[in-house]
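S.K.: Sequence and predicted structure, then a few things I'm wondering about:
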Amino acid sequence: MALQQVSILLIEDDEDDAFLIKDYLSDIHNFEIKLDWEPDYNKGKEKILNGSFDLFLIDFYLGKETGLNLIDFIQKQGVFTPAILLTGRNDSQIDIDASTAGAFDYLVKGDLTPDILERSIRYSIRQGETIRELDEKEKRYRSLFERSFDSIFLANIRLEFLEQNESFLNLFGFQEGELNRFELQKLFADSDDYDFCISQLKEHGVIKDFEVRLVTKPGEEKICLFNCIFIPDQEDENCCYQGIIRDLTLSKKAEADMMMAEKLSMTGKLARTIAHEIRNPLTNLNLALDSLQDEVNQSDETLSTYTQIIQRSSNRIESLIGDLLSSSKPKELQLELVSLDVIVEEVMTLVQDRAKLKDIRIEQSLEKGLPRLYVDTEKLSIALVNIFINGIEAIEHSDGLLQVSVSSRQNSIFLQIADNGGGIAKEDLKKIFDPFFTQKSNGTGLGLTSTLNILSSHNALIEVKSTVGKGTVFEIEFPLPEM
């Protein structure tokens with residue numbers, strides 16, 4: 001069986017000691033040892049960096065320098081070859097200093113024997129291999145941590161951030177060092193969601209694939225998939241939780257856009273079907289009513305009243321059919337290049353009187369100098385008036401407030417209309433753009449359907465957030481035209 005080959009660099013400035021160590025090494029029969037002796041400290045440093053060795057044997061005293069300095073140099077250069085410190089005297093402090101500096105073993109020359117030296121070589125080489133393997137794994141996992149497209153973080157027992165990768169910083173808009181001891185809770189848009197996460201972590205030690213809204217440093221909300229696990233085998237508080245966050249915002253927005261498009265398409269088909277099925281009997285009804293009016297005695301007040309009721313109801317049905325078709329069919333736009341803030345100001349002028357009647361304040365924050373958009377001013381104004389009026393009518397208390405803002409982010413212009421009215425229940429929020437859905441006693445439920453149709457024709461995206469008792473926010477995103 002072939003012996004393990006071991007290449008050793010001996011750095012020893014005493015020739016007699018070097019001879020003795022060579023002699024001890026020659027008596028070791030379980031390794032095939034190749035020895036390189038170097039008496040000079042500086043040349044020894046060069047060989048450490050440029051040579052290929054399995055082990056360093058280093059004397060404690062090396063002229064003006066010490067072996068501890070050399071071992072410290074090895075550590076700072078990131079060399080993982082094990083080093084054994086040799087000394088002429090048995091001193092417990094030297095033993096401690098050698099271990100602290102990074103020596104794998106500490107041997108007293110006067111106590112050396114081939115067996116002791118062989119044991120130390122075997123132990124040091126084995127430990128060196130283990131450390132190299134751990135270092136390779138650490139580098140591999142560190143690379144996965146740093147290069148991951150997902151946001152990864154480590155947090156202590158109080159869920160304060162200890163470390164996070166570049167993807168995390170980019171997602172939430174932070175700079176390196178800004179998140180030191182930053183609390184995870186501050187990223188959650190809803191405190192109830194955070195409380196749920198904490199309860200799951202305490203009860204199960206893990207929370208998996210939890211869809212949640214998180215807030216970036218600039219205040220933008222992101223829809224994220226949140227995963228976190230408790231690490232119970234840590235000796236201190238410095239690493240108790242590991243989390244992975246995946247940004248779903250774009251995919252969710254695309255999913256919502258597709259659902260909106262499908263809803264509009266289905267609404268259009270439904271509207272055309274209803275119009276066809278109702279207009280035929282309605283036409284017959286109107287013809288019959290005309291014939292009836294010719295036959296009956298018009299001086300009979302009762303009969304005249306009934307025929308008028310029938311006529312008005314028939315006209316109302318015809319009007320509803322027209323509104324339904326208008327709200328659901330694609331709009332033909334007359335596009336022009338206009339600043340959105342100009343349109344918003346005109347719309348606010350149109351609804352100002354209605355707001356004053358209910359003593360509702362309108363606060364505006366319109367960013368000036370924004371890029372202009374290609375829009376149909378008349379149709380977009382109709383859509384925005386619908387949203388403004390909905391906000392005004394949702395406010396039933398004396399401290400009414402409508403907040404309007406226009407701003408730019410990335411490659412879009414955002415219009416936000418927020419009221420402090422009664423809000424919309426979660427189960428109703430998904431229905432507000434459906435035809436005929438309304439909570440008003442005299443409403444047709446087609447206003448927001450038409451609004452959605454107009455905005456979709458402009459390739460604009462709309463998102464509605466609402467909290468019962470606090471109010472509703474409509475946010476509309478207008479993508480800027482590509483240059």
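M.R.: Sure, I can see it.
S.K.: For the stretch 1-150 of the chain, just list every one of the strands.
M.R.: For the stretch 1-150 of the chain, applying DSSP state E, counting those that start in this stretch gives strands covering 4-11, 31-38, 55-59, 61-62, 65-66, 83-87, 105-108.
S.K.: out of the ones you listed, which comes closest to residue 477?
M.R.: Ranking the strands of the stretch 1-150 of the chain by proximity to residue 477 (Cβ to Cβ) places strand 83-87 first, at 62.2 Å. For glycine as for every other residue, the C-beta is placed from the backbone atoms N, C-alpha and C.
S.K.: could you check the angle strand 4-11 makes with the closest one?
M.R.: Put simply, strand 83-87 runs at 50 degrees to strand 4-11, going by axes from the mean of the first three to the mean of the last three Cα atoms, to 10 degrees.
S.K.: roughly how far out does strand 83-87 sit from the chain middle?
M.R.: A distance of 52 Å separates the centroid of the chain from that of strand 83-87, by Cα atoms, centre = their mean, to the nearest Å.
S.K.: Check which helices and strands it sits against.
M.R.: If you count contacts as 3 or more Cβ pairs under 8 Å, 6 or more residues apart in numbering; DSSP states H and E, strand 83-87 packs onto strand 55-59, helix 67-76, helix 92-101, strand 105-108, helix 114-147.
S.K.: strand partners of it, parallel vs antiparallel please.
M.R.: Here strand 83-87 has these sheet partners by DSSP bridges: strand 55-59 (parallel), strand 105-108 (parallel).
S.K.: wait, doesn't residue 412 sit right on residue 481?
M.R.: No - contact criterion Cβ atoms under 8 Å: residue 412 and residue 481 do not qualify, at 10.9 Å.
S.K.: tell me the most buried of the strands paired with strand 83-87?
M.R.: Stretch with highest mean neighbour count among the strands paired with strand 83-87: strand 55-59 (a mean of 25; mean count of other Cβ atoms under 10 Å).
S.K.: all helices for the stretch 251-400 of the chain, in order.
M.R.: 301-328, 340-357, 377-393 (DSSP state H, counting those that start in this stretch).
S.K.: Tell me, what's the model's pLDDT at residue 272?
M.R.: For residue 272, the pLDDT comes out at 68.
S.K.: picking up where we left off before, nearest approach to residue 418 belongs to which of the strands of the stretch 1-150 of the chain?
M.R.: The closest of the strands of the stretch 1-150 of the chain to residue 418 is strand 83-87. By Cβ to Cβ, the value is 67.3 Å.
S.K.: domain parsing for the protein?
M.R.: Annotated domains of the chain cover 4-145, 149-247, 253-328, 336-479 [automatic domain parsing].
S.K.: Going by mean pLDDT, which of those domains comes out lowest?
M.R.: Looking at the domains of the chain, the bottom one is domain 253-328 with a mean of 72.
S.K.: burial count for residue 412?
M.R.: 15 (other Cβ atoms under 10 Å).
S.K.: circling back: rebuild the strands paired with strand 83-87 as TSV, extending it with distance to residue 216.
M.R.: Shown next, in TSV, are the strands paired with strand 83-87 (distance: least, Cβ to Cβ, whole Å):
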stretch	distance to residue 216
strand 55-59	51
strand 105-108	52
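S.K.: and residue 463, which of those is closest to it?
M.R.: Shortest distance between residue 463 and the strands paired with strand 83-87, using Cβ to Cβ, is found for strand 55-59: 64.6 Å.
S.K.: residues in contact with the closest one?
M.R.: Among residues not part of strand 55-59, those counted as contacts by Cβ atoms under 8 Å, 6 or more residues apart in numbering are 6-14, 17, 21, 44, 48, 67, 70-71, 74, 81-87, 103, 121, 124-125, 128.
S.K.: repeat that for 7 Å
M.R.: Strand 55-59 has contacts (Cβ atoms under 7 Å, 6 or more residues apart in numbering) with 6, 8-13, 17, 21, 48, 67, 70-71, 81-86, 121, 124-125.
S.K.: chain center to that strand, what's the gap?
M.R.: What separates the centre of strand 55-59 from the centre of its chain is 51 Å, taken as Cα atoms, centre = their mean.
S.K.: Residue 73 is in contact with residue 45, correct?
M.R.: Yes - between residue 45 and residue 73 a contact is recorded at 6.2 Å, counting by Cβ atoms under 7 Å.
S.K.: Could you tell me how many residues sit around residue 73?
M.R.: Look at residue 73: counted by other Cβ under 10 Å, it has 17 neighbours.
S.K.: Tell me which residues touch it, please.
M.R.: Neighbouring residues of residue 73 by Cβ under 7 Å, 6+ apart: residue 45.
S.K.: Assess the claim that residue 321 and residue 279 are in contact.
M.R.: Yes - using Cβ under 7 Å, residue 321 is in contact with residue 279, at 6.4 Å.
S.K.: ok, those two, which is more surrounded?
M.R.: residue 321 (17 against 13).
S.K.: Give me the spatial nearest neighbour of residue 407, chain neighbours excluded.
M.R.: residue 367 (4.8 Å; Cβ to Cβ, 6 or more residues apart in numbering).
S.K.: How about residue 463?
M.R.: Closest residue in space to residue 463, ignoring its immediate chain neighbours: residue 475 at 4.9 Å, by Cβ to Cβ, 6+ apart.
S.K.: So which bits of the helix or strand where the one you found lies are buried?
M.R.: Residue 475 is located in strand 471-479, with elements delineated by DSSP states H and E. For strand 471-479, the neighbour count (16 or more other Cβ atoms under 10 Å) marks 471-478 as buried.
S.K.: roughly how far apart are the residue nearest to residue 463 and residue 89?
M.R.: 77 Å (Cβ to Cβ, to the nearest Å).
S.K.: What of residue 365?
M.R.: Counting by Cβ to Cβ, the separation of residue 365 from residue 89 is 79 Å.
S.K.: Same list (the strands of the stretch 1-150 of the chain) but as a markdown table, adding distance to residue 224.
M.R.: Formatted as a markdown table, those follow (distance: least, Cβ to Cβ, whole Å):
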| stretch | distance to residue 224 |
| --- | --- |
| strand 4-11 | 52 |
| strand 31-38 | 56 |
| strand 55-59 | 50 |
| strand 61-62 | 58 |
| strand 65-66 | 54 |
| strand 83-87 | 48 |
| strand 105-108 | 50 |
